[in-house]
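# Sequence first, predicted coordinates after that:
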Amino acid sequence: MVGIPPGFVYIAGRLPRLVRLLAFAYASSRIWELVFGKPAPCWLRVSALLLPIPLASTYNILYTYLRNKREAARRGAVLAPQVKSRWPGGFDTLLTVARGIRTGHIGRRSTMSPDLLYGTVWLMKHEHFSV
């Protein structure tokens, strides 16, 4: 018996949030029309329909980061360092990787390489041994 693919389940779980944002934007447009007696300007309607999704995603990412940072501090830990990015969301890193894939040089050393940003990087696992 074949089950429902996990992608559909994930999208179905996220759909109410998406619909809620767009329904709020549409309702706001209709309220504008009732209050002012004329439709909202086109630029405002388009912005209200296009911006909520990226803004909500940005808010969600920042909130999760701050929540994890607070929780780590509460437990006396620190978060793992992140690659520094010039653009919000790490889009410059993403573009560097995409260009590398397009040219076929994925492993090419770029300006975003950890050794160029942080110096020599060693991946070490620290374990406590009892004798």
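Cool, got the structure. Residues are numbered from 1 along each chain as shown.
# where does the chain dip in pLDDT?
1, 104-131 (pLDDT under 70).
# What separation do you get for the residue nearest the centre of it and residue 2?
By C-alpha atoms, centre = their mean, the chain has its centre lying nearest to residue 61, at 5.2 Å. Taking C-beta to C-beta, to the nearest Å as the measure, residue 61 falls 34 Å from residue 2. Where you see a C-beta, it was placed from the backbone N, CA and C, and this is true even at glycine.
# Ok, residue 47 next?
42 Å.
# Looking at the two, which is more packed in?
Using other C-beta atoms under 10 Å, the more surrounded residue of residue 47 and residue 2 is residue 47, with 13 against 4.
# Would you mind pulling up the elements that whichever helix or strand that one is part of packs against?
Assigning secondary structure by DSSP states H and E places residue 47 in helix 42-50. If contacts are counted by 3 or more C-beta pairs under 8 Å, 6 or more residues apart in numbering; DSSP states H and E, helix 42-50 sits against helix 6-36.
# for the helix it packs on, which positions count as buried?
Buried residues in helix 6-36, counted by 16 or more other C-beta atoms under 10 Å: 21, 25, 32.
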